[in-house]
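**Student:** show me the folded form of this:
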Amino acid sequence: MWEEQGNYKVELAQDKIDLIEKIIKSDRKFANNEDLYDDFFNETCKRSCLIVKTVSSDATLEAYLRKIATTSILNVLKNEGRLRRTRSGYMSTHEIPIETAVHSSVPDYSKLEVKYEPVDIQDTPEDFAIKKEILQKIIDTVYEIDKTSPDKNYLRLYDLRFEKGMTQKEIAQELDLSQSEVSKRLFKLMEMVKQAFN
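**Tutor:** Residues are numbered from 1 along each chain as shown. Now for the predicted structure:
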């Protein structure tokens, strides 16, 4: 099955789709937020597309997907304004902290003004490890591709485009190539890297 993700598509086997669905529905934050299931699913798929293709162990994949789904659900809830961070963890924006409510026997909620700072959910060590592993695989693949076709300057192209962030026009000037040739080589490089991951 093809699953739309932004401007690109990722092929997911039905067993992977079922696993992602099971993980999302078993997350404790799914309760009372069932209307956001599609957003949870899409965000989880977007964040896990490379993991699904590279991890072969079912147990490892499920562990990674659980972590990714939890982060995805938190991000969606935060973006929808349904979640805020507190000292003790995350809390629904519809809940009032107990400390606020116990100051008087009959709290006056009409005068209560609540302001929330945006929460930036940082990557966990597991997220960094996954990203590092994937990035290392990409770099190793680019090195191998460059060795097989040294005349195409694939390693240099990768460095200029993805490490230095140069535009295709700037790369064309740097390498004394036409912009269409740069575009063609970058496309070919990306295709070869994708094939290596498959």
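**Student:** and Arg82, how many neighbours?
**Tutor:** For Arg82, the count of nearby residues is 16 (other C-beta atoms under 10 Å). C-beta coordinates here come from the backbone N, C-alpha and C atoms, glycine included.
**Student:** doesn't Lys29 make contact with it?
**Tutor:** No - checked against C-beta atoms under 8 Å, the pair Arg82 and Lys29 is beyond contact range at 9.2 Å.
**Student:** what's next to stretch 178-188, contact-wise?
**Tutor:** The set of residues that contact stretch 178-188 without belonging to it, under C-beta atoms under 8 Å, 6 or more residues apart in numbering, is 152-154, 157, 161, 168-169, 171-172, 175, 177.
**Student:** buried among the residues you listed? Make that a ChimeraX selection.
**Tutor:** Selection of buried members from those for ChimeraX, criterion 16 or more other C-beta atoms under 10 Å:
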select :152,153,154,157,161,168,171,172,177
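**Student:** between the contacts of stretch 178-188, which is nearest Asn33?
**Tutor:** Arg161 (38.9 Å; C-beta to C-beta).
**Student:** give me every residue that touches the closest one.
**Tutor:** Arg161 neighbours (C-beta under 8 Å, 6+ apart): 168, 171, 186.
**Student:** tabulate these (JSON lines), appending distance to Glu62, pLDDT and secondary structure.
**Tutor:** Supplementary listing: the contacts of Arg161 in JSON lines, determined by distance: C-beta to C-beta, whole Å; pLDDT from 0 to 100; DSSP: H, G, I helix; E, B strand; the rest coil:
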{"residue": "Gln168", "distance to Glu62": "40", "pLDDT": "90", "secondary structure": "helix"}
{"residue": "Ile171", "distance to Glu62": "41", "pLDDT": "91", "secondary structure": "helix"}
{"residue": "Leu186", "distance to Glu62": "35", "pLDDT": "89", "secondary structure": "helix"}
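**Student:** closest to Ser72 out of those residues?
**Tutor:** Comparing these against Ser72 with C-beta to C-beta picks out Leu186 as the nearest, at 29.2 Å.
**Student:** now the residue positioned nearest the centre of the chain, nearest residue through space, not along the chain?
**Tutor:** For the chain, the residue sitting closest to the mean C-alpha position, by C-alpha atoms, centre = their mean, is Arg47 at 3.0 Å. Among residues not flanking Arg47 along the chain, Ile68 sits closest, at 4.9 Å (C-beta to C-beta, 6 or more residues apart in numbering).
**Student:** per-residue pLDDT, the one you found?
**Tutor:** The model reports Ile68 with a pLDDT of 88.
**Student:** got phi/psi on Ala13?
**Tutor:** Phi and psi for Ala13, reported as degrees, to the nearest 10, are phi -70, psi 150.
**Student:** measure it to Asp39 for me?
**Tutor:** According to C-beta to C-beta, to the nearest Å, Ala13 and Asp39 sit 22 Å apart.
**Student:** the helices in this protein, which residues?
**Tutor:** Ranges of helices in the chain, per DSSP state H, are 14-26, 37-54, 58-79, 98-101, 125-148, 154-158, 168-175, 179-197.
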